[in-house]
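Q: Provided below are the primary sequence and the corresponding predicted coordinates.
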Amino acid sequence: MKQRTAWGFLAPVTVYLALFYAYPLYRNLDLSLRDYTVRSFVQGDAPFTGLANYRKVLADPTFAPALLHTAVFTAVCLVFQYAIGLALAVFFDQNFRLSATLRALFLVPWLLPLIVSASTWSWMLNTESGIVNAGLHAVGVGQVNWLTSPSWSLTSVIIANIWIGVPFNLVVLHSGLQSIPPSLYEAAAIDGANAWQRFWRVTFPLLRPVSAITLLLGLIYTLKVFDIIWIMTKGGPADSSTTFATWSYQLGFGNLLPAFGPGAAVGNLLVIAALVFGLVYVRAQRKQALS
Amino acid sequence: MNRNRRRTRLKTAIGVLLTAIMLFPVYWMLNVSLTRDQDMRKSPPDLLPLHGTLSGYRAVLDEQLPYLGTSFVIGLGTVVLTVVLSAPAGYALAKLRPRGGGILGFVLLAAQMIPGIIMAMGFYAIYLQLGLLQSVPGLIVADSTLSVPFGVLIFTAFMSGIPGELLQAARTDGAGPMRTFWSIVLPISRNAVVTVSLFAFLWSWSDFVFASTLVNGGGHEPITLGIYHYIGNNNQQWNAIMATAVVASLPAAAILVLAQRYVAAGVTAGAVKD
């Protein structure tokens, strides 16, 4: 009886998950195993081609750069977001006037629609009229073609994405800092530890579980970043900022003649990567819950 | 004492400076939105909108209002759908101990890890067959996939904190599970409802992936696509583009001002609790 009541309350969400998660995922898998054209898409008679799309994708000249860019983008964003977020969290953990208000203002970049952040950064990084180049000019650095040169496009989208991700790291790490008992700092101070030592010997080790979760969530989120890159550079110029996420979109929706099969195949590779890291996340959480 | 006070003042000053650096792009968006066309390509650009113009905002009013309206309707629809689905589920997972609840929790966690672009492709395939492309309900359903797992998570975490005696007392008074949920659990969970609604609205308002794949080119495009088309067709009038961006940011700003603590609670709960 009680079981039936419980599942009565869970029924809507279960049906929802089946219809709007499992089924689209299944359709995506199906897409990646067939040879689709726009016409066969509607009529549903695309021939089954097994792993041909995956083979095609793996042999594609875009594969290696996309893999490299995804790895670089994810790693660099993660390191900077975490380091900046942690430094700010430690700073704003101190007691001073306006501390809480300023910390709240830091959430703004995280709350803005990505199209807004991306287009603002696009204009700031504009070669001739952007404020960034104007600033660099003032200190004697020559013009940088942020978005239009293949050697800078990836850096540009990384900068924008770091800016967006810092607030999340700040807020989560700050809440982690607050669970560290102040008595530990007092004891360390009595033992003669300076601020630097207190950070490395007390704060950092005690923050490890929270840090692990923050980094893993950051990893999963960064892996799927699409909007920022697509809006700022469309993955270009010449694939120089293409990641798996933008490549998948490019194949499926970016051309006049869509390649749904290969697009879905790239997407599924991304799902596998996300789920692998997701499992790591779940295991880390379970371990944290036990300890 | 005096030295101490000077030191906190210094910290406040550094804090203000760091915040100013972080929020510079937001200021810049505001500044550019007020800049005259003829000053747009000036080098170096003006740091203050000294020759301010509202022509960018006039362009927003002329061209973007329908997009804003669509976004608003889609946002409200997503909020309703998310709360209706996730509040009962959170109640069941937190208080009714269903067999298999752990697996469901795991599935919800995994669901949050699927990249939006993958979901978009699956939805595209399905909607194409059902004729749901370019429809508002279709986009509401797609957008809700961003917020439903998060909603269940928040409701479960929140409702776990409701004392069991309270529910026991309701049962003794003869209330069935439906009534207990409706007249006791839900009113107590007001804060969780607010948090989930805020995020559901914000995420659907900000969505670009689903919008650009599922309703592109139709009559029901949200503001994110409005801005995107505006940049594509018209990369000269940056004051109008940035004015649109400012207007599109207003819900985020309002939410931050009115409901700051819910936002912070949502960010941390989403990350740390399970």
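A: The structure has been received and is ready for your questions.
Q: report how many residues lie close to the residue in the stretch 51-200 of chain B positioned nearest to chain A.
A: Evaluated by Cβ to the nearest Cβ, the stretch 51-200 of chain B has B:G122 as its residue closest to chain A, separated by 2.7 Å. Glycine gets a C-beta too; all of them are placed from N, C-alpha and C. With neighbours defined by other Cβ atoms under 10 Å in any protein chain shown, the count for B:G122 comes to 25.
Q: ignoring the adjacent residues along the chain, who's closest to it?
A: With sequence-adjacent residues excluded and distances taken as Cβ to Cβ, 6 or more residues apart in numbering or on different chains, B:G122 is closest to A:P24, at 2.7 Å.
Q: what number of residues lie near the one you found?
A: As a burial measure, A:P24 scores 23 neighbours (other Cβ under 10 Å).
Q: quick check: it is in a helix.
A: Yes. Secondary structure assignment places A:P24 in a helix (DSSP: H, G, I helix; E, B strand; the rest coil).
Q: circling back to that earlier point, ok, the residue of the stretch 51-200 of chain B closest to chain A touching A:D30?
A: No. Using Cβ atoms under 8 Å, B:G122 is not in contact with A:D30, being 9.0 Å away.
Q: OK, contacts around the residue of the stretch 51-200 of chain B closest to chain A?
A: With Cβ atoms under 8 Å, 6 or more residues apart in numbering or on different chains as the criterion, the residues that contact B:G122 are A:Y23, A:P24, A:L25, A:Y26, A:R27, A:N28, A:L31.
Q: need those in TSV (columns: pLDDT).
A: Compiled in TSV, those are given as follows (pLDDT from 0 to 100):
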residue	pLDDT
A:Y23	94
A:P24	94
A:L25	93
A:Y26	93
A:R27	90
A:N28	91
A:L31	89
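Q: all the helices of the stretch 51-200 of chain B, in order from the start?
A: B:55-63, B:65-91, B:101-111, B:116-130, B:136-159, B:164-172, B:177-180, B:186-188, B:190-206 (DSSP state H, counting those that start in this stretch).
Q: any idea which of those is most buried?
A: helix B:136-159 (a mean of 24; mean count of other Cβ atoms under 10 Å in any protein chain shown).
Q: so where does the closest residue in space to B:A125 that isn't next to it in sequence fall, helix or strand?
A: In space, and not counting its chain neighbours, B:A125 is closest to A:R27: 4.5 Å by Cβ to Cβ, 6+ apart. Using DSSP states H and E, A:R27 sits within helix A:23-32.
Q: with B:R261 instead?
A: Applying DSSP H and E, one finds B:R261 within helix B:260-272.
Q: which non-adjacent residue is nearest A:L125?
A: In space, A:L125 is closest to A:W146, 3.8 Å off (Cβ to Cβ, 6+ apart).
Q: what's the pLDDT at residue 41?
A: No chain was given, so I picked chain A. Per-residue pLDDT puts A:F41 at 69.
Q: switch to chain B, that's the one I care about
A: Note on B:R41: pLDDT of 77.
Q: chain neighbours aside, what residue packs nearest to it?
A: Nearest non-adjacent residue to B:R41 (Cβ to Cβ, 6+ apart): A:S129, at 4.9 Å.
Q: contacting residues for the one you found?
A: Counted by Cβ under 8 Å, 6+ apart, A:S129 has contacts A:W123, B:M40, B:R41, B:K42, B:S43, B:P45.
Q: next, it: phi, psi?
A: Dihedral pair for A:S129: phi -110, psi 10, per degrees, to the nearest 10.
Q: before we move on, back to that, among the contacts of A:S129, which ones are in helices?
A: A:W123 (DSSP state H).
Q: B:H51: which of the contacts of A:S129 is nearest?
A: Proximity of these to B:H51 (Cβ to Cβ) peaks at B:K42, which lies at 10.3 Å.
Q: so B:Q112 makes contact with B:G151?
A: No. Counting by Cβ under 8 Å, B:Q112 sits too far from B:G151 to count as a contact (11.0 Å).
Q: related to what we said a few turns ago, and the residue nearest to A:L125, how far is that from chain B?
A: Using Cβ to the nearest Cβ, to the nearest Å, one gets 14 Å for the distance from A:W146 to chain B.
Q: then A:D45?
A: 12 Å.
Q: so which strand or helix has that residue?
A: Assigned by DSSP H and E, A:D45 belongs to neither a helix nor a strand.
Q: just the pLDDT at it, thanks.
A: Note on A:D45: pLDDT of 73.
Q: what is the neighbour count of it?
A: As a burial measure, A:D45 scores 9 neighbours (other Cβ under 10 Å).
Q: which pLDDT value belongs to residue 70?
A: Here I'm looking at chain A. Per-residue pLDDT puts A:T70 at 95.
Q: hm, I was asking about chain B
A: Note on B:T70: pLDDT of 95.
Q: one more: B:T8?
A: So B:T8 comes in at 87 (pLDDT).
Q: on that earlier part again, tilt between the helix holding A:R27 and helix B:101-111?
A: Angle of helix A:23-32 versus helix B:101-111, following axes from the mean of the first three to the mean of the last three Cα atoms, to 10 degrees, is 50 degrees.
Q: name the helices or strands packed onto helix A:23-32?
A: Using 3 or more Cβ pairs under 8 Å, 6 or more residues apart in numbering or on different chains; DSSP states H and E as the contact test, the elements touching helix A:23-32 are helix A:260-290, helix B:116-130.
Q: average pLDDT for the shortest one?
A: Pointing back at helix B:116-130 there. 91.
Q: circling back to that earlier point, which one of the contacts of B:G122 is nearest to chain B?
A: Nearest to chain B, judged by Cβ to the nearest Cβ, of the contacts of B:G122 is A:P24 at 2.7 Å.
Q: wouldn't that closest one be in contact with B:F123 here?
A: Yes. If you go by Cβ under 8 Å, A:P24 and B:F123 touch, sitting 5.2 Å apart.
Q: got the residues of the stretch 151-274 of chain B near chain A?
A: Residues of the stretch 151-274 of chain B lying near chain A by Cβ under 8 Å from any Cβ of the partner chain: B:152, B:177, B:181, B:202, B:205-206, B:208-209, B:212-213, B:223-224, B:227-228, B:231, B:238, B:241-242, B:245, B:248-249, B:252-253, B:255-256, B:260, B:263-264, B:267-268, B:271-272, B:274.
Q: restrict those to the buried ones and give me that as a PyMOL selection.
A: With 16 or more other Cβ atoms under 10 Å in any protein chain shown as the criterion, this PyMOL line picks the buried residues out of those:
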select buried, chain B and resi 152+177+181+202+205+206+208+209+212+213+223+224+227+228+231+238+241+242+245+248+249+252+255+256+260+263+264+267+268+271+272+274
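Q: lowest-confidence helix or strand of the chain?
A: Just so you know, I chose chain A. The weakest-scoring helix or strand in chain A, judged by mean pLDDT, DSSP states H and E, is helix A:38-43 (a mean of 71).
Q: my bad, chain B
A: helix B:260-272 (a mean of 73).
Q: and that one, how far from the chain's centre?
A: Put simply, helix B:260-272 sits 13 Å off its chain's centre (Cα atoms, centre = their mean, to the nearest Å).
Q: which residues sit against it?
A: Residues outside helix B:260-272 that contact it (Cβ under 8 Å, 6+ apart) are A:104, A:107, A:110-111, A:168, A:171-172, A:175-176, A:210, A:213-214, A:217, B:150, B:153-154, B:157, B:191, B:194-196, B:198-199, B:255-256.
Q: what's the local residue count around the residue nearest to A:L125?
A: 23.
Q: who are the contact partners of it?
A: A:W146 makes contacts with A:L125, A:N126, A:T127, A:G130, A:V132, A:N133, A:W152, A:S153, A:T155, A:S156, as judged by Cβ under 8 Å, 6+ apart.
Q: can you do 6 Å?
A: Each residue near A:W146 by Cβ atoms under 6 Å, 6 or more residues apart in numbering or on different chains is listed here: A:L125, A:W152, A:S156.
Q: wait, which of those is closest to chain B?
A: Using Cβ to the nearest Cβ, these come closest to chain B at A:L125, 10.4 Å.
Q: in this structure the closest one contacts A:V157, no?
A: No. Distance between A:L125 and A:V157: 9.7 Å, which falls outside the contact criterion (Cβ atoms under 6 Å).
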